[in-house]
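Student: Structural data only, the sequence is not supplied:
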């Protein structure tokens, strides 16, 4: 046991790392299967749903607000008596036949663990990105967009997140400049068509960001380079240039992963370690959507229930 950390008295059947759709779905299924279940989240439960204004491809909803869906998922989980903890997980180990989940100041014990920690934003290695995060550099339009009402902003990226958030920002700001390194977009064709039809969105392709422009410690825009180099003026730069697995707490384990660092699982969401499962955006797979995360969570919970039942069976 790491010194200075208090161990929680409960031995859980299932402890879930993360609070997104995969986590909350697994928690609901697990508690309904009478498993003593808890999850830990370092931010507000719901994961990337809280940073998504609308989800237009979720079955049953023509248009759905991400935070609203997150809130309903959380309520359903808590109504099923899932225990919720706040904190950042810093380590995960198996000790004495039990899994130990280490947060900053507490240790949680469990028979099984589900890793559903999702992904975090990729940070471009160009001047002033890290230094001005929260001061003119953002990764969340729904969080920070209203701060720039009536102003000019820049959005960087070519996927669904970049295009959808550019559309969202066009209703708030005076002008949106979208920068993408290719002429073709990875985003859905319907979303791209909608974006290009909006008068106050200007598309800049193919350009590569080279520097967040700062004058007198204030963000003034983004320097981009293509056939020529130019400055796009803006009061904030929103980056959507990809995501990487949220997995720094897994350094003590030798899990099988793909070349991108995502966890390999079998059809039951089990990792290469017995009693350890993974679900949602953290796993190696081709499609990362809310609906696939929900499916992963349900699959994992059922597999964990069956695994725990097998431990109780006589040899």
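Tutor: That came through fine. As the structure is a computational prediction, the values presented were derived from the model and not from experiment.
Student: Please report phi then psi for residue 162.
Tutor: Phi and psi for residue 162, reported as degrees, to the nearest 10, are phi -60, psi -50.
Student: no wait, residue 245
Tutor: According to degrees, to the nearest 10, residue 245 has phi -60, psi 140.
Student: what's the nearest residue to it if we skip its chain neighbours?
Tutor: residue 261 (4.8 Å; C-beta to C-beta, 6 or more residues apart in numbering). All C-beta atoms are positioned from the backbone trio N, CA, C, and that covers glycine.
Student: what about the helices in this protein?
Tutor: When secondary structure is read from DSSP state H, the chain shows helices at 21-32, 66-79, 141-144, 160-170, 189-196, 290-312.
Student: picking that back up, tell me the confidence at the residue nearest to residue 245?
Tutor: Residue 261 is assigned a pLDDT of 95 by the prediction.
Student: Burial check on it, number of neighbours?
Tutor: For residue 261, the tally of surrounding residues (other C-beta atoms under 10 Å) stands at 15.
Student: Go ahead and confirm it touches residue 244.
Tutor: Yes - using C-beta atoms under 8 Å as the test, residue 261 is close enough to residue 244 to be in contact (6.7 Å).
Student: the domain parsing of the chain - what is it?
Tutor: Using the TED database, the domain parsing of the chain gives 6-121+243-312, 137-239.
Student: Deepest-packed of the helices of the chain, please.
Tutor: helix 21-32 (a mean of 28; mean count of other C-beta atoms under 10 Å).
Student: between that helix and helix 290-312, how big is the angle?
Tutor: Put simply, helix 21-32 runs at 40 degrees to helix 290-312, going by axes from the mean of the first three to the mean of the last three C-alpha atoms, to 10 degrees.
Student: Quick one: list the elements packing against helix 21-32.
Tutor: strand 6-17, strand 37-41, helix 66-79, helix 290-312 (3 or more C-beta pairs under 8 Å, 6 or more residues apart in numbering; DSSP states H and E).
Student: residue ranges with poor pLDDT in the chain?
Tutor: Applying pLDDT under 70 to the chain flags residues 1-4, 51-54, 56, 61-64, 314-315.
Student: ranges for the strands of the stretch 201-315 of the chain?
Tutor: With strands called from DSSP state E, counting those that start in this stretch, the stretch 201-315 of the chain shows them at 201-204, 208-215, 218-225, 229-233, 236-239, 243-245, 276-278.
Student: Touching, residue 158 and residue 191? I think so.
Tutor: No - when contacts are counted by C-beta under 8 Å, residue 158 is not listed as touching residue 191 (11.1 Å).
Student: give me the number of residues near residue 216?
Tutor: Per other C-beta under 10 Å, the neighbour tally for residue 216 reads 5.
Student: Kindly provide the distance from it to residue 161.
Tutor: To residue 161, residue 216 is 31 Å away according to C-beta to C-beta, to the nearest Å.
Student: Residue 258: how many residues sit nearby?
Tutor: Using other C-beta under 10 Å: residue 258 sits among 12 other residues.
Student: typo on my end, it should be residue 7
Tutor: Neighbour tally, residue 7, other C-beta under 10 Å: 12.
Student: OK, contacts around it?
Tutor: Residues near residue 7 by C-beta atoms under 8 Å, 6 or more residues apart in numbering: 1, 106, 107, 108, 109.
Student: how about a cut-off of 6 Å?
Tutor: Residue 7 is in contact with residue 107, counting by C-beta atoms under 6 Å, 6 or more residues apart in numbering.
Student: With residue 223 instead?
Tutor: Contacts for residue 223 (C-beta under 6 Å, 6+ apart) come out as 210, 211, 213, 231.
Student: Just the buried subset of those residues, please.
Tutor: In the contacts of residue 223, burial by neighbour count holds for 211, 213, counting by 16 or more other C-beta atoms under 10 Å.
Student: The contacts of residue 223 into TSV, with extra columns for distance to residue 28?
Tutor: Shown next, in TSV, are the contacts of residue 223 (distance: C-beta to C-beta, whole Å):
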residue	distance to residue 28
210	46
211	46
213	47
231	49
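Student: looking at the domains of the chain, which is closest to residue 129?
Tutor: Smallest distance to residue 129 across the domains of the chain (C-beta to C-beta): 5.7 Å, for domain 137-239.
Student: follow-up on the earlier one: out of the strands of the stretch 201-315 of the chain, which is closest to residue 149?
Tutor: Taking C-beta to C-beta, strand 236-239 is the member of these nearest to residue 149, at 11.2 Å.
Student: Now that closest one: buried residues?
Tutor: Neighbour-count burial for strand 236-239 flags 236, 237, 238, 239 (criterion: 16+ other C-beta under 10 Å).
Student: Distance to residue 154 added to these, as CSV?
Tutor: Output for those, formatted as CSV (distance: C-beta to C-beta, whole Å):
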residue, distance to residue 154
236, 7
237, 5
238, 7
239, 9
